[in-house]
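Asks: just a sequence and a predicted model for now, questions to come.
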Amino acid sequence: GGCSKSEPTSETQANSDSAAAPQAADPAQKSAAGEMPKSGVDYHSFANTDDYRVQHLDLDLTVDFSRKVLEGEAQLQVKRLNDKNKPLILDTRGLEIDAVKAGHGDKMEPVKFSMGEKDDHLGTPLKINLPKNATKVAIQYRTSPDASGVQWLEPQQTAGKAHPFLFTQAQAIHARSFVPLQDSPKVRITYNATIRTPKELRAVMSANNDPQAEKDGVYEFEMPQPIPSYLIALAVGDLEFKPMGERTGVYAEKELLDAAAAEFEDTESMLEATEEVYGPYRWDRYDLLILPPSFPFGGMENPRLSFITPTVIAGDKSLVALIAHELAHSWSGNLVTNASWRDLWLNEGFTTYLTNRIMQNIYGDERYKMEMALGYDDLQLDLKDRPDIDEIMAIDLRGRDPDEVFSNIPYEKGSLFLYELEQKIGRENFDQFLLDYFNNFSFQSITTEDFVKYLNETLLKQYPDKLDAERIQQWIFEPGIPEGAPHPQSDAFSKLDPVRQQWLDGKVAAQDIDTGDWTFHQWKYFLDGMPEKLSEAQLKELDEAFGLTASQNNEVAFSWLMIAVRNNYQPAYQRLEQFLTGIGRNKFLRPLYRNLVETGQGDLAKRIFENAKSGYHPLTVKVNSNIIYGGDSN
Ligand SMILES: CC/C=C\C/C=C\C[C@@H](O)/C=C/C=C/C=C\[C@@H](O)CCCC(=O)O
Ligand SMILES: [Zn+2]
C-alpha cells in the first residue's frame, strides 16, 4: 500500500518566502497519517511551479573528461504566473553555482541566490530573487564528478577501448544533477544546446541530431517540442551512424554498428505500423543510440534518440521488444506524460500495451502471446516477491526514492488493465479511444485523476453496459489483480509444461528434448518454471545438454544464473561473476544480488559488487548497494 512517510507538499517547500534559503524537505513534517497524496502535486521537486513556469532552456556546456565535469551556462526563459514576486526555486543536485543573472532581452543583471538544505532524495533547492520584469535567468555552474544522472566511462569500459564515453540518465529525478531547472514531469520545455567536446568525439542529444555534423568539437542541438526534464539526454563518445530506414538509424561505436543496424532493422516498420493506428509520429526522426554495457536499463525513451543497452543485440532479433517499447513511448510517455512519478503507470502501462501490439503487428500472433504471457508472469513475480513495492498503479511515492520503488507493476498491471478494456469493448473501438486520447492530451502532462475523468467522459459513457467505474477504480487504486482479469496464455509455452515435468520425473533425458525451434521466450519459460530446488545432477544435466552457463543470450543467461544461485551450482559461478561485472543493467543485477543475499551468499555478493562497482552507473551502485548492505528501504 501507499507509503505514509511523506515529504511536505511542494507548496510547503516551494512557497517558502522567508528571507532564508528554502527549507529542504523536512522528513519530520509527516502529512496526516493516511492522507492521500494530492493529485498534481509533485513531491519530488522543490520547484514552485505554481508561481513560475520555465518554458525554454538554452544550454551551453563544455565536457571535461579529465575533471569529469560538465560546465557552462543554463539560460532559462521563465513565465511568471502571478504577481506575488516570490523567489524562483529550482531543483539541483551536486551543482556548483558560480553566478546567477536575471533580466530580459540583453539586459541581464547579477541577482541574489542561495542554496537550501540538501535532501537525501531530492537534492538541493536553488532560490533566486528575480526582478519583477525578469523573463530570463542565466546560471553559470558545473556538475559534480559523481553527478547521479551522469556516467563517465573510461576507454576500457567501451567497445573500442580507445576513447572515454559519457551519457546521462535523467529519469526519474536526475536531470537536476546536470542542469538547474524545474525537474518535474508536469513542466514541459523546449531546449537548444551547444555542447563542446574533445575533437575526436561526437555529442548526441534527445534533439535534432545531425549524423553529417562535422566532428569539430562543437555540436548544436534543438528540441522544438516541449518535453519534461527527465527526457533531456546527452551522450558523448566515439560514435558513428548507420541509417536503417527513412526516419530511423543507429548511432554506436563502430565495433557495434553493423550488428546493431541488423538487429534493429525492423524499427522503421515498427514506426510505420504504430503511427497507422495511434496517430502521426510527432518527433521527426527516431534513431537509436547503443550505449556501453554499464547502461543501467534496457532502454530509455529519450525523444528522437532512444538510448539502448547492447545486451539486446542477440543476433536473432529475440530481444527487440525493447525497441518496440522505447518507440511506443513516442506516444505514451513522451507525447502524453505522467504529471508526477505517482502516475508512472500512464507512461509505462500504456507503453507496455502498445509494445505488445507492435510485436503482434510485426512478428505475428504467437510472438504476441508469448510476450504477453511473459509479462503476466513478471507481474505475478513482483506481486509475490516484492511486498515492499505497492501493488497499486498510482503509487504513493511521498518520501521515497523513485529508483528504489521501480518494478514491473506499473508496466504489467497497467498493460493488463488496458488489455481488459480492449477485450470488453473490442480492439477497433479501443484503438479509436487510444488515438483520441493521444490527440486530446498531446504534449500535455496529466495525472491519474485526469485519465479517470477522461475515461468517464468517453468509454464509460459510450459503453455503460460493458465497463464498470468501480472496477476501474479497483484496478488503479487497490492492491492485487481484480477477480476475473485476463490471464494471457501461449500454446508455445503450454506445451513446455509437460516436457519440463517429464524431465523432472526422470522420464526423459535433457539431451533427448527437441529444443530446435525454441525462441528465447520459450527458454525463459522453461527455465523460470523450474522448481525452487534442483539436485546437482539435474543442474549438471541441464547445463551439459543446453550449454546454459555459456549462453550468449543475456535473458537466457539471467534465467539460468537465477537457478544456479539458488542452488549454489558452482560451475556457473565464474559466468555469474563475469555477468554481474560486465553488465550494468539493473533488470538483471538487482534480482541476482538479491538472490545471493537471500540465499546466504551475501559475502560473495559484496566481493563481486566491490570489484565491479567502479564500472557501474551511480544509480546501479545505489540500488544494489542498498540490496547488499541493507540501505534505504524507503
Ligand atoms: C513507481 C516508481 C516511480 C517512478 C520511477 C521512475 C523511474 C525510475 C528510474 O530508476 C528510471 C527508470 C528507467 C527505466 C527505463 C527503462 C525501462 O522502461 C525498462 C527497465 C527494465 C529493463 O532494463 O528492461
Ligand atoms: Zn518504458
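Replies: Noted; the coordinates are in hand. Ligands and ions are numbered 1, 2, ... in the order given.

Asks: give me every residue in the stretch 501-634 of the chain lying close to ligand 1.
Replies: Within the stretch 501-634 of the chain, the positions lying close to ligand 1 (CB under 6 Å from any ligand atom) are 585, 587. For glycine as for every other residue, the C-beta is placed from the backbone atoms N, C-alpha and C.

Asks: what count of nearby residues applies to the closest residue to ligand 1 within the chain?
Replies: Closest residue of the chain to ligand 1, CB to the nearest ligand atom: G298 (2.6 Å). Using other CB atoms under 10 Å, G298 has 20 other residues around it.

Asks: check contacts around the closest residue to it other than its chain neighbours.
Replies: The shortest distance from G298 to any non-neighbouring residue, by CB to CB, 6 or more residues apart in numbering, is to L322 (4.6 Å). Shown in contact with L322 (CB atoms under 8 Å, 6 or more residues apart in numbering): 298-299, 308-309, 312.

Asks: just confirm L322 is within a helix.
Replies: Yes - assessed with DSSP: H, G, I helix; E, B strand; the rest coil, L322 lies in a helix.

Asks: what's the spacing between it and ligand 2?
Replies: Remark: distance between L322 and ligand 2 (CB to the ion, to the nearest Å) = 9 Å.

Asks: how much space is there between that residue and T355?
Replies: 9 Å (CB to CB, to the nearest Å).

Asks: would you pull up how far the helix or strand containing L527 lies from the middle of the chain?
Replies: Element membership of L527, judged by DSSP states H and E, is helix 520-528. In terms of CA atoms, centre = their mean, to the nearest Å, the centre of helix 520-528 is found 24 Å from the chain centre.

Asks: swap in stretch 119-136?
Replies: Relative to the centre of its chain, stretch 119-136 is centred 27 Å away, using CA atoms, centre = their mean.

Asks: so for it, mean pLDDT?
Replies: Averaged across stretch 119-136, pLDDT comes to 96.

Asks: now for it, what's the gap between its first and last residues?
Replies: Stretch 119-136 has an end-to-end distance of 27 Å (criterion: CA to CA, to the nearest Å).

Asks: sorry, back to before: list just the nearest of the contacts of L322 to N129.
Replies: N129 lies nearest to G299 out of the contacts of L322, by CB to CB, at 41.1 Å.

Asks: how far away is that closest one from R607?
Replies: Distance, G299 to R607, using CB to CB: 30 Å.

Asks: now do the contacts for the residue in the stretch 101-250 of the chain that ligand 2 sits nearest to.
Replies: Nearest to ligand 2 in the stretch 101-250 of the chain, going by CB to the ion, is Q171, at a distance of 8.8 Å. Q171 sits next to 230-231, 300 when contact means CB under 8 Å, 6+ apart.

Asks: so V556 touches Y525, yeah?
Replies: No - with contact defined as CB atoms under 8 Å, V556 does not count as touching Y525 (10.9 Å).

Asks: returning to that earlier point: so which of G299 and R607 has more stuff around it?
Replies: The residue with more neighbours, out of G299 and R607, is G299; 21 against 12, by other CB under 10 Å.

Asks: mind pulling up the phi and psi values for the more buried one?
Replies: Backbone geometry at G299, expressed as degrees, to the nearest 10, gives phi -160, psi 160.

Asks: what's the distance between it and ligand 2?
Replies: Distance from G299 to ligand 2, by CB to the ion: 7 Å.

Asks: surely that residue touches P310?
Replies: No - applying CB under 8 Å, one finds G299 not in contact with P310, separated by 11.0 Å.

Asks: hmm, stretch 402-409 touching ligand 1?
Replies: Yes - using CB under 6 Å from any ligand atom, stretch 402-409 comes into contact with ligand 1 via 402-403, 405-406.

Asks: end-to-end on that stretch?
Replies: Stretch 402-409 has an end-to-end distance of 13 Å (criterion: CA to CA).

Asks: for the stretch 201-350 of the chain, which segments are assigned as helices?
Replies: With DSSP state H, counting those that start in this stretch as the criterion, the stretch 201-350 of the chain has helices at 254-263, 267-278, 321-328, 344-363.

Asks: which other helices and strands contact the next helix or strand after the last one?
Replies: By that I understand helix 344-363. Using DSSP H and E, the helix or strand that follows helix 344-363 in sequence is helix 365-385. Contacts defined by 3 or more CB pairs under 8 Å, 6 or more residues apart in numbering; DSSP states H and E place helix 365-385 against helix 344-363, helix 414-425, helix 491-494, helix 520-528.

Asks: before we move on, the earlier item: and the residue of the chain closest to ligand 1, what does it touch?
Replies: G298 sits next to 308-309, 311-312, 322, 325, 585, 587 when contact means CB under 8 Å, 6+ apart.

Asks: nothing else from me, thank you.
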